[in-house]
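Colleague: The sequence isn't on hand, but the structure is:
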């Protein structure tokens, strides 16, 4: 069984062994830190502690690592819709549940989601990911409309705009959250729900 | 007097003339669209419709254009604190004013602020900009603390975290707002204040 990335890092003098998944882990950390366009395969190789040639043994190139990151993030986000609580209760209860799970997914898959949120559409891989992401956002906007029709959410604001602001708040997690930081993921999730549904005052 | 960028674009067959400011305008549009690391000086030259050599007549390189963009965005943001209404009234009134003006500044200086918000700290220029931006964020967090002490803002949430979520919502404007789009800047600003201070329900 290949070693995980974190265990490899501790065992500095042990020859590192990667499979495609643990190599993707390393690449996503590098992409999240430097930006995809700013990161080179040399950076990935240096972070992994192996040669660039060894990386190409596993993947066709940088873009394949990016595509794997996008798919991980998007699969994790779409999986939320399949959870029982996402389909249970009133529209606003489902909305709260989904917003909470999106925030949790963002902190749990930080590198993947960071790289996804920064995709600009510079390549077909990025454009495909943006298209899937837009589908996700539209599903949430539809749920906001349902909550408005049920009289559970204020109707003076456009549902699409509310969805964007809601994701704006939640997505910003990737800019400042660090697993080792002072604020834990549960506190962030609670604050997002509090501000979004109840407001500051 | 040099022509402005937008007038040049209309007069396709007229020889384009730039000064450092109008050239920065063009570069920022390119950086905002492709990402700074993904954009080359060839891209900037192509967008400007001039040769790369003509660009280097005005600037030392890509990084100088980036630094100019950062300074424009940060100067515009810090100027908000100097406005009379930013120092008038209760802490929560000042907070509301500043949040509104940050959103307005984001839509008014879209390319500059987009490039600023995407800075990762890959170079000294980026790290200096991030340091100035953190100072701005801290001033707003201080104001949230004052509003909490005045009993105007809920005290069950950490002020620093609230400031991050507030900027997360507001900063997300750069991801989806387009001046020619269906949603105008005033509607966005109103929605941000409504969600942030009153919540969705």
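Modeller: Looks like it came in fine. Since the model is a prediction, treat every value here as computed from it, not as a measurement. Numbering: from 1, shown residues only, chains lettered A, B, ... in the order given.
Colleague: looking only at pLDDT, what's the mean for stretch A:53-73?
Modeller: Averaged over stretch A:53-73, pLDDT sits at 95.
Colleague: let me fix that: stretch A:160-169
Modeller: The pLDDT scores in stretch A:160-169 average 92.
Colleague: do that stretch and chain B meet at all?
Modeller: Yes - for stretch A:160-169 and chain B, the contact criterion (C-beta under 8 Å from any C-beta of the partner chain) is met by A:161-162, A:164-169. To be clear about C-beta, it is placed using only N, CA and C from the backbone, and glycine gets the same treatment.
Colleague: Show residues contacting that stretch.
Modeller: With contact meaning C-beta atoms under 8 Å, 6 or more residues apart in numbering or on different chains, stretch A:160-169 is reached by A:99, A:102, A:137, A:140-141, A:144, A:153, A:192, A:195-196, B:165, B:168-173, B:175-176, B:183, B:187-188, B:191-192, B:195, B:200.
Colleague: Can you say which of the residues of stretch A:160-169 next to chain B are buried?
Modeller: Buried subset of the residues of stretch A:160-169 next to chain B (neighbour count, 16 or more other C-beta atoms under 10 Å in any protein chain shown): A:161-162, A:164-169.
Colleague: Looking at the residues of stretch A:160-169 next to chain B, which are in helices?
Modeller: Using DSSP state H, the subset of the residues of stretch A:160-169 next to chain B located in helices is A:161-162, A:164-169.
Colleague: Show me which parts of stretch A:94-110 are buried, residue by residue.
Modeller: Neighbour counts over stretch A:94-110 (16+ other C-beta under 10 Å) mark A:94-107, A:109-110 as buried.
Colleague: wait, doesn't residue A:102 sit right on residue A:77?
Modeller: Yes - counting by C-beta atoms under 8 Å, residue A:77 is a contact partner of residue A:102 at 6.7 Å.
Colleague: Contacts only, for the most centrally placed residue in chain A.
Modeller: Residue closest to the average C-alpha location in chain A (C-alpha atoms, centre = their mean): residue A:113, at 1.9 Å. By C-beta under 8 Å, 6+ apart, the residues touching residue A:113 are A:73, A:76-77, A:105-106, A:171, A:174.
Colleague: For the helix or strand containing it, what is the distance to the chain centroid?
Modeller: Using DSSP states H and E, residue A:113 falls within helix A:110-117. Using C-alpha atoms, centre = their mean, to the nearest Å, the mean C-alpha position of helix A:110-117 is found 4 Å from that of the whole chain.
Colleague: what's whichever helix or strand comes after that helix packed up against?
Modeller: Downstream of helix A:110-117, the first helix or strand assigned by DSSP H and E is helix A:124-149. Here helix A:124-149 touches helix A:62-82, helix A:91-108, helix A:159-171, going by 3 or more C-beta pairs under 8 Å, 6 or more residues apart in numbering or on different chains; DSSP states H and E.
Colleague: could you redo the last one with a cut-off of 10 Å?
Modeller: If contacts are counted by 3 or more C-beta pairs under 10 Å, 6 or more residues apart in numbering or on different chains; DSSP states H and E, helix A:124-149 sits against helix A:62-82, helix A:91-108, helix A:110-117, helix A:159-171.
Colleague: could those go into a markdown table alongside distance to residue B:87?
Modeller: Converted to a markdown table, those look like this (distance: least, C-beta to C-beta, whole Å):
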| stretch | distance to residue B:87 |
| --- | --- |
| helix A:62-82 | 43 |
| helix A:91-108 | 35 |
| helix A:110-117 | 35 |
| helix A:159-171 | 27 |
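Colleague: Noted, bye for now.
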